[in-house]
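# missing the sequence, but the structure's below:
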Ligand SMILES: Cc1cc2nc3c(=O)[nH]c(=O)nc-3n(C[C@H](O)[C@H](O)[C@H](O)COP(=O)(O)OP(=O)(O)OC[C@H]3O[C@@H](n4cnc5c(N)ncnc54)[C@H](O)[C@@H]3O)c2cc1C
């Protein structure tokens, strides 16, 4: 369980990007993968919609897809066939997209397992608190340490400490460049289980869109990403989501009778 004082590569963040980077980097280098979460993938902060491997290949023919996009069925809640874009009037357009809806907790844990199998060292419950050049301060359930790395990979999300240490601009510098997300898992909803629905319209989802992502049966992830700068004064993000569920002319018909089982974001 001892940490080495030096690694070729330290990766901050064991989400999909960090674990995928670790899985490949560990083939040729000593790698430490760090995450502040005590359980990888928890809390879930994602609806889980991901086009299938063949669909991604078709959408991005020039991309070299990582093999971590081939995951076991145990990571999948359900499969969907199309993506439907809906205006507040109810007018809609839809496109065939073969996709999986992932259980992000299982998916993230699967990816971290792949990284460890490839030889990466993993420390959960450990936060990077400071970075100075190649020197990294970490603190958490394995104690406080200073380690060094030749390369530091920032896979630590939108408020990245690695990006700050590298003087890269943060998301907070541009109010229109960032959307705030809020989402629930719901049950008892009456939805089309083959469709990912995306709803638009300034009154309900200012500067963004709302989604209904089926989880199978009568369950779904329901959420929205909206821009604060475009919201009405005094109306919270939660107010917007509740308004969408209860009052939206199309979505409320499907969602109004449901109940929230989990607050996702
Ligand atoms: C509500 C919501 C719904 C979404 N739905 C979808 C969807 O349906 N489909 C889709 O493709 N995308 C979706 N996304 C986006 C998707 O979740 C992200 O694109 C994806 O998680 C990014 O992966 P990542 O590895 O870059 O970062 P993250 O998954 O954010 O992982 C970053 C990790 O870094 C760790 N970390 C941060 N700071 C530190 C630190 N100082 N020290 C140690 N660890 C640290 C965090 O604990 C975290 O585990 C959604 C996002 C939200 C918020």
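The structure has been received and is ready for your questions. Source: prediction; values computed, not measured. Residues are numbered from 1 along each chain as shown.
# partner residues bridging residue 135?
Note on residue 135: beta-bridge partners by DSSP bridges are residue 132, residue 148.
# and the pLDDT at it?
Residue 135 is assigned 98 on the pLDDT scale.
# can you check residue 44 too?
Taking residue 44 on its own, its pLDDT is 93.
# same check on residue 264?
Taking residue 264 on its own, its pLDDT is 89.
# in which helix or strand would I find the residue nearest to it when sequence neighbours are not counted?
Using Cβ to Cβ, 6 or more residues apart in numbering and skipping residues adjacent in sequence, the residue nearest residue 264 is residue 183, 4.1 Å away. The way it works is simple: take the backbone N, C-alpha and C, and place the C-beta from them, glycine included. Using DSSP states H and E, residue 183 sits within strand 180-187.
# if you count neighbours, what's buried in that strand?
181, 182, 183, 184, 185, 186 (16 or more other Cβ atoms under 10 Å).
# what about it, near the ligand?
Yes: counting by Cβ under 6 Å from any ligand atom, the ligand is contacted by strand 180-187 at 181, 183.
# isn't residue 79 up against residue 102?
No: taking contacts as Cβ atoms under 8 Å, residue 79 lies outside contact range of residue 102: 10.8 Å.
# what's the neighbour count on residue 49?
18 (other Cβ atoms under 10 Å).
# so what's it bridging to?
According to DSSP bridges, beta-bridge pairing links residue 49 with residue 101.
# how near is it to residue 213?
5 Å (Cβ to Cβ, to the nearest Å).
# quick one: name the residues of the stretch 101-250 of the chain near the ligand.
So the stretch 101-250 of the chain meets the ligand at 127, 128, 155, 156, 157, 161, 181, 183, 213, 223 (Cβ under 6 Å from any ligand atom).
# now the fourth one: phi and psi?
Its backbone dihedrals place residue 156 at phi -110, psi 30, with angles given as degrees, to the nearest 10.
# my read is that it contacts residue 17, right?
No: counting by Cβ under 8 Å, residue 17 is not a contact partner of residue 156; they are 9.2 Å apart.
# which SS state does residue 19 fall under?
helix (DSSP: H, G, I helix; E, B strand; the rest coil).
# my guess is it meets residue 114, correct?
Yes: contact criterion Cβ under 8 Å: residue 19 and residue 114 qualify, at 6.8 Å.
# for those two, indicate the residue with more neighbours.
More neighbours surround residue 19 than the other of residue 19 and residue 114, with 30 against 20 (other Cβ under 10 Å).
# for the nearest residue to that one once chain neighbours are set aside, give me the pLDDT.
Once flanking residues are discounted, residue 19 sits nearest to residue 111: 3.7 Å by Cβ to Cβ, 6+ apart. On the pLDDT scale, residue 111 is placed at 98.
# same deal with the one 10 residues further on?
Listed pLDDT for residue 121 reads 97.
# dump the residue contacts of the closest residue to the ligand within the chain.
Using Cβ to the nearest ligand atom, the single residue of the chain nearest to the ligand is residue 15, 2.4 Å away. Residue 15 sits next to 35, 108, 155, 157 when contact means Cβ atoms under 8 Å, 6 or more residues apart in numbering.
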